[in-house]
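Undergrad: make a model of this:
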Amino acid sequence: MYIRYLILCIPFFTAFFLKGELKPYKISGYAQGTDYAITYYATDSIVTQKGIDSLLRVIDESMSLYKKESLISKFNKSDSGIEVDPLMLAVLKRSFEINRDTRGIFDITVAPLVQAWGFGPKQQKGTPDSAAIRQILGCVGMQRLRLKQNFLAKEQACIQIDLNGIAQGYSVDLIAQYLEQMGAKCYLAELGGEIRISGRKPNGSLMKIGIEGPDENGIPGIRHIAGLEHGAITTSGNYRKFHQNGSKKITHLINPKTGYPLDNEMISVTVYAKDAITADGYDNALMAMPLKEALAFVAKRKDLEAYFVYHQKDGSVADTLTLGFKKLLTDSTKPTNTL
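TA: Modelled structure (predicted):
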């Protein structure tokens with residue numbers, strides 16, 4: 001009986017020791033003009049910073065506006081278009097989908113407007129007048145682009161694209177894909193505040209992240225804590241990146257329909273989706289909508305959840321969220337409203 005018991009237990013003990021103990025490994029660095037931080041759980045160090053940095057360099061060579069020889073820079077300088085690589089192709093396809101879904105609110109051809117308002121790769125002095133805006137708008141609109149297989153064509157030479165509103169989310173997805181290819185199944189990957197999570201910690205607890213937003217004085221802080229097992233969370237806001245023109249704050253988020261920076265009640269939007277490219281693509285679009293419209297938009301899309309920080313009519317700061325996003329929160333603080 002004892003021998004039989006021992007034989008039955010051998011596979012269990014062998015599997016236990018072969019599996020080993022999962023330990024946290026951390027990688028951090030600087031890329032795409034911001035910081036990145038990765039935590040993954042494994043029995044050994046299976047992912048290196050060199051590998052992550054190499055991946056991010058390849059992405060930059062494709063879609064960085066700050067690299068003169070990048071693929072996107074070549075497109076912007078071209079007269080009629082260029083062939084794109086698989087990375088940019090994936091981002092372009094998702095961009096066209098989100099552009100259609102948001103009826104043009106998300107638009108990657110805002111590059112000339114972003115530059116004119118002083119947020120592009122070139123130094124810019126002053127602000128554009130109404131005549132300059134009208135002229136630039138003649139070069140804006142994704143209906144002026146055509147994607148045929150891997151060739152991105154444009155109707156006019158003045159059309160330029162800016163993928164910053166979605167490419168960073170895609171970068172996080174590629175980091176997640178790389179981690180999984182290397183054997184890491186449980187991880188948290190963050191790049192510039194865009195986050196992708198897979199799995200639970202070895203003790204069974206959820207990965208937790210802070211949901212940021214400004215207080216009444218505009219000072220950023222953690223407003224809530226969310227716990228995730230899978231998915232992505234990204235945030236778009238106007239309280240960090242802006243210019244001051246007298247008493248007026250000029251945000252880096254530009255409305256492609258009017259040509260002017262956003263000026264509505266929104267302060268920040270945090271979006272949850274199954275992948276970071278989706279969350280990142282929609283967070284800017286939701287920032288451009290009135291609050292009620294944004295809440296209704298998310299409610300009609302089962303794969304999206306969102307958390308909003310906004311100004312009330314009296315100027316005070318409030319927050320609200322969808323019911324699905326509320327279920328992600330692990331803290332006891334309750335936002336003002338839920339959808």
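Undergrad: partners of Ile225 in the sheet?
TA: Beta-bridge pairing of Ile225 under DSSP bridges involves Gly210.
Undergrad: my guess is it contacts Leu329. True?
TA: Yes - judged on Cβ atoms under 8 Å, Ile225 makes contact with Leu329 at a distance of 6.8 Å. Just so you know, the C-beta spots here come from the backbone N, C-alpha and C atoms, and that holds for glycine as well.
Undergrad: mutual contacts of those two, please.
TA: Ile211 (Cβ atoms under 8 Å, 6 or more residues apart in numbering).
Undergrad: who has more neighbours, those two?
TA: The neighbour count for Ile225 versus Leu329, taken as other Cβ atoms under 10 Å, is higher for Leu329 (18 against 15).
Undergrad: quick one, phi psi at the more buried one?
TA: phi -70, psi 140 (degrees, to the nearest 10).
Undergrad: burial count for the residue lying closest to it once chain neighbours are set aside?
TA: Counting by Cβ to Cβ, 6 or more residues apart in numbering, Leu329 lies nearest to His224, which is 5.2 Å off, once chain neighbours are set aside. Neighbourhood size, His224 [other Cβ under 10 Å]: 23.
Undergrad: any figure for the gap between His224 and Lys67?
TA: 36 Å (Cβ to Cβ, to the nearest Å).
Undergrad: which SSE is the residue most central in space within the chain in?
TA: Nearest to the mean C-alpha position of the chain, by Cα atoms, centre = their mean, lies Asp280 at 3.1 Å. Using DSSP states H and E, Asp280 maps to helix 276-287.
Undergrad: which elements pack onto the helix or strand containing Ala37?
TA: Using DSSP H and E, Ala37 sits in strand 34-42. If you count contacts as 3 or more Cβ pairs under 8 Å, 6 or more residues apart in numbering; DSSP states H and E, strand 34-42 packs onto strand 23-31, helix 49-63, helix 167-181, strand 186-191.
Undergrad: could you give the angle of the last one to helix 276-287?
TA: Right, the one you point to is strand 186-191. With axes from the mean of the first three to the mean of the last three Cα atoms, to 10 degrees defining the directions, strand 186-191 sits at 50 degrees from helix 276-287.
Undergrad: which one of the helices and strands packed on strand 34-42 lies closest to Ser80?
TA: helix 49-63 (19.6 Å; Cβ to Cβ).
Undergrad: now the following helix or strand past that closest one - C-alpha only, PDB.
TA: Sequence order places helix 71-77 as the next helix or strand after helix 49-63, per DSSP H and E. The C-alpha trace of helix 71-77 is given here as PDB (Å, rounded to 0.1, in the frame of the first residue of the first chain):
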ATOM      1  CA  LEU A  71       8.100  55.300 -42.500                       C
ATOM      2  CA  ILE A  72       5.500  57.800 -41.400                       C
ATOM      3  CA  SER A  73       7.900  60.700 -42.000                       C
ATOM      4  CA  LYS A  74       8.400  59.400 -45.500                       C
ATOM      5  CA  PHE A  75       4.700  59.200 -46.100                       C
ATOM      6  CA  ASN A  76       4.200  62.800 -44.800                       C
ATOM      7  CA  LYS A  77       6.900  64.100 -47.200                       C
END
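Undergrad: now do helix 71-77: everything it contacts.
TA: 61-65, 67, 81-82, 84-85, 88, 111, 152, 154, 160-161, 163.
Undergrad: before we move on, back to that, so what secondary structure elements neighbour whichever helix or strand comes after the helix holding Asp280?
TA: Once helix 276-287 ends, the next helix or strand along the chain (criterion: DSSP H and E) is helix 291-299. In terms of contacts (3+ Cβ pairs under 8 Å, 6+ apart), helix 291-299 is packed against strand 266-273, helix 276-287, strand 305-311.
Undergrad: you'd agree Gly281 is up against Ala167?
TA: No - using Cβ under 8 Å, Gly281 is not in contact with Ala167, being 9.7 Å away.
Undergrad: on that earlier part again, can I get the helices and strands packed on helix 291-299 in TSV including mean pLDDT and distance to Tyr36?
TA: Shown next, in TSV, are those (pLDDT from 0 to 100; distance: least, Cβ to Cβ, whole Å):
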stretch	mean pLDDT	distance to Tyr36
strand 266-273	95	19
helix 276-287	97	12
strand 305-311	95	23
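Undergrad: contacts for the strand holding Ala37?
TA: Counting by Cβ under 8 Å, 6+ apart, 22-30, 46-47, 52, 56, 168, 175, 179, 183-184, 186-193, 199, 201-202 sit against strand 34-42.
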